[in-house]
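Engineer: got a sequence here, can you build the structure:
(chains A and B)
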Number of protein chains: 2
Amino acid sequence: MGERTESNQTAAGQPPARGRPRDAERDRALLEATVQVLQESGYGGLTTAAVAKRAGVSTATLYRRWRSKEDLVVGTAVRWASDLGPQPDTGGLEGDLAALLRDKADTLEGPGGRLLHVLIGESAHNEALARVLDTAIIQPVRDRAATVVRRAVARGDIPPLEDAHVLADLVVGSMVSLLFLTPDAAHRATADDSTSGEAAIRELLPFLLRALGARPT
Amino acid sequence: MGERTESNQTAAGQPPARGRPRDAERDRALLEATVQVLQESGYGGLTTAAVAKRAGVSTATLYRRWRSKEDLVVGTAVRWASDLGPQPDTGGLEGDLAALLRDKADTLEGPGGRLLHVLIGESAHNEALARVLDTAIIQPVRDRAATVVRRAVARGDIPPLEDAHVLADLVVGSMVSLLFLTPDAAHRATADDSTSGEAAIRELLPFLLRALGARPT
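Structural biologist: Below you'll find the model as predicted:
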């Protein structure tokens, strides 16, 4: 995603900050079309021709931006799924953890989540996708989880943890499980007039706080 | 796998319980071929012709057993991934939880895991697969987790939990995260001359025990 080199934005995969407006529009249309086609057809069913048609551009235009189908999907995934907001310091473990969970839920429930869902499956037999999944999407969450733990230990809220990265696996894993693997959880939340993500956070937060050794409140 | 075809097990998606030994062999060959082709090509790339060829049977034989590609993959998934062993009662929360994690790790690291990995991705845009993933594969783990919690509460090891099913999401989710999403975790374990699953269990167990409110040991 060359455009990142031309901007000073901090979120990975932002569209070009400069350049002709026409290019930025085409870029956005291509990325949105990629998400839509992936969602309908899966990775195996996606063709660059279908994406170009959906975006209303020629395949030549698509190939000027992205060398291949894999390149297009990887670029789209990095752009959407790693688009984390700033990490707030709420001054408390519960607040920091809730913010981390909310950020993850927002990602998984948005277009990036649908893309991530497809990528998880594809990474079973595509090493390039497995790599991008780990480095561009999971690793930032691990870093955030480590920050949450470090702050809590520094405040004396929890004892030091040998395996602080396990929190990241619990956060990512349980959200993936609740939002991707158990549709019932999503339905339950919708009936409450809340998002699935918020319901998942309410359920998970007390477990995660105890897992980290936080004092009961 | 084939031995189960001659028993009276109740698990969904079992191949015919009776028939000539020849049929059982063909069945086993077809299911193994399905796992291999899925792993190499993904769901989108799998064709019934490729599976039949790999299994050394005609496509007509394949279609006598399975009506469609989807039917074949769902049947294979149910058969492999829900193959849980008996649930041991170790008399303690840590032992019961370790057994649950080990069972899940064994499933995810075996052929059923590769299949499950592909299914998770495909369930993003295939409702039949999403349903089978939930009912035949996730639900049994939720039931087991509920049993572990119920026993521990009955023994007075932990306080009653309002959201006991959250344990299942933590178990499934964190194993999926560690074994599917973070290849580094797998590498770390291999260097220890242990399985990725055992390493994941060692890391997760103390977190999960604390999450459930178990007294520190």
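Engineer: quick check: mean pLDDT of stretch A:44-60?
Structural biologist: The predicted model gives stretch A:44-60 an average pLDDT of 93.
Engineer: please read the previous query as pertaining to stretch A:202-210.
Structural biologist: The model assigns stretch A:202-210 a mean pLDDT of 88.
Engineer: quickly note the distance from the nearest residue to residue A:178 once chain neighbours are set aside to residue B:117.
Structural biologist: What sits nearest to residue A:178 in space, not counting adjacent residues and going by C-beta to C-beta, 6 or more residues apart in numbering or on different chains, is residue A:200, at 4.3 Å. (Each C-beta comes from the backbone N, C-alpha and C, glycine too.) From residue A:200 over to residue B:117 the distance is 22 Å, taken as C-beta to C-beta, to the nearest Å.
Engineer: so where's the longest helix in chain A?
Structural biologist: Longest helix in chain A, counting residues (DSSP state H): helix A:21-45.
Engineer: buried stuff in that helix?
Structural biologist: Of the residues in helix A:21-45, A:23, A:26-27, A:29-39, A:42-44 count as buried by neighbour count, 16 or more other C-beta atoms under 10 Å in any protein chain shown.
Engineer: give me the domain ranges for chain A.
Structural biologist: Domains of chain A are assigned by automatic domain parsing as A:2-80, A:86-211.
Engineer: out of these, which one sits most buried?
Structural biologist: Most buried of those, by mean neighbour count (mean count of other C-beta atoms under 10 Å in any protein chain shown): domain A:86-211, with a mean of 20.
Engineer: got the contact list for the residue lying closest to residue A:90 once chain neighbours are set aside?
Structural biologist: Residue nearest to residue A:90 in three dimensions, not counting chain neighbours: residue A:96, with 5.3 Å by C-beta to C-beta, 6+ apart. Residue A:96 makes contact with A:88, A:89, A:90, A:148, A:151, A:152, according to C-beta atoms under 8 Å, 6 or more residues apart in numbering or on different chains.
Engineer: ok, now residue A:108?
Structural biologist: With C-beta under 8 Å, 6+ apart, residue A:108 has these contacts: A:116, A:175, A:176, A:179, A:180, A:197.
Engineer: so the second one makes contact with residue A:102?
Structural biologist: No: between residue A:175 and residue A:102 no contact is recorded; they are 10.2 Å apart, counting by C-beta atoms under 8 Å.
Engineer: shared neighbours, those two?
Structural biologist: Joint contacts of residue A:175 and residue A:102 (C-beta under 8 Å, 6+ apart) are residue A:197.
Engineer: can you name the next helix or strand after the helix or strand of chain A with the lowest mean pLDDT?
Structural biologist: One helix or strand of chain A scores below all others by mean pLDDT, DSSP states H and E: helix A:183-191, with a mean of 50. Sequence order places helix A:196-211 as the next helix or strand after helix A:183-191, per DSSP states H and E.
Engineer: what angle do that next one and helix B:196-211 make?
Structural biologist: Angle, helix A:196-211 to helix B:196-211, by axes from the mean of the first three to the mean of the last three C-alpha atoms, to 10 degrees: 80 degrees.
Engineer: from the contact counts, what lies against helix A:196-211?
Structural biologist: helix A:93-109, helix A:165-176, helix A:183-191, helix B:165-176, helix B:196-211 (3 or more C-beta pairs under 8 Å, 6 or more residues apart in numbering or on different chains; DSSP states H and E).
Engineer: tilt between the helix or strand encompassing residue A:151 and helix A:93-109?
Structural biologist: Element membership for residue A:151 (DSSP H and E) is helix A:139-155. Angle, helix A:139-155 to helix A:93-109, by the same axes, to 10 degrees: 170 degrees.
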